[in-house]
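> take a look and give me a structure for this.
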Amino acid sequence: MTLIEVLIASVILFISISAISYVTQAMLLNERRLVTTAQQSYMLEYIQDEVRYQYEYNLQVEGEYKYDGESYYWRVEVVSEKPALTSVGGSESGETSNGTMILYKCAVFSQLLPAPKKITEFKNVFWREAK
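Here you go, the predicted model:
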């Protein structure tokens with residue numbers, strides 16, 4: 001083999017090694033993003049369930065939830081309250097209400113101090129029976 005053949009072979013080898021390392025790096029980065037997104041998705045699903053229970057049954061408007069060693073804080077704000085209609089008639093006297101439909105939004109924070117760091121916000125609606 002001549003020197004030129006060796007140089008050309010080494011250039012081709014280095015190009016193929018750099019291409020393989022680039023593909024591997026991109027794959028690992030995408031895998032990390034996928035894992036992070038999946039963990040945040042699970043966390044948000046669990047927090048939504050906790051907020052729904054605490055607000056609807058215990059009437060708490062803020063709280064803390066621990067997931068996977070991290071603390072998350074949530075705060076509920078009522079957006080709208082309207083009477084839930086059970087039947088609608090042609091006249092005003094035909095409308096009957098059997099409770100209240102409450103639309104609320106919840107903000108989720110990863111920290112409160114020194115400044116709140118909002119992760120996400122979601123809205124939900126539920127029916128509260130008249131007493």
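> that's a strand at T100, yeah?
Yes: counting by DSSP: H, G, I helix; E, B strand; the rest coil, T100 is found in a strand.
> local confidence estimate at it?
At T100, the model reports a pLDDT of 89.
> show me the contacts for the spatially closest residue to it that is not a sequence neighbour.
Nearest-residue entry for T100: R128, 4.9 Å, with adjacent residues in sequence omitted and distances by CB to CB, 6 or more residues apart in numbering. (C-beta placed from N, C-alpha, C; glycine too.) By CB atoms under 8 Å, 6 or more residues apart in numbering, R128 lies in contact with E56, G99, T100, I102.
> reformat these as JSON lines; add distance to Q25 and neighbour count.
Formatted as JSON lines, these follow (distance: CB to CB, whole Å; neighbours: other CB atoms under 10 Å):
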{"residue": "E56", "distance to Q25": "47", "neighbour count": "15"}
{"residue": "G99", "distance to Q25": "56", "neighbour count": "15"}
{"residue": "T100", "distance to Q25": "55", "neighbour count": "14"}
{"residue": "I102", "distance to Q25": "49", "neighbour count": "19"}
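> distance to P83 added to the residues you listed, as CSV?
Supplementary listing: the contacts of R128 in CSV, determined by distance: CB to CB, whole Å:
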residue, distance to P83
E56, 17
G99, 7
T100, 6
I102, 11
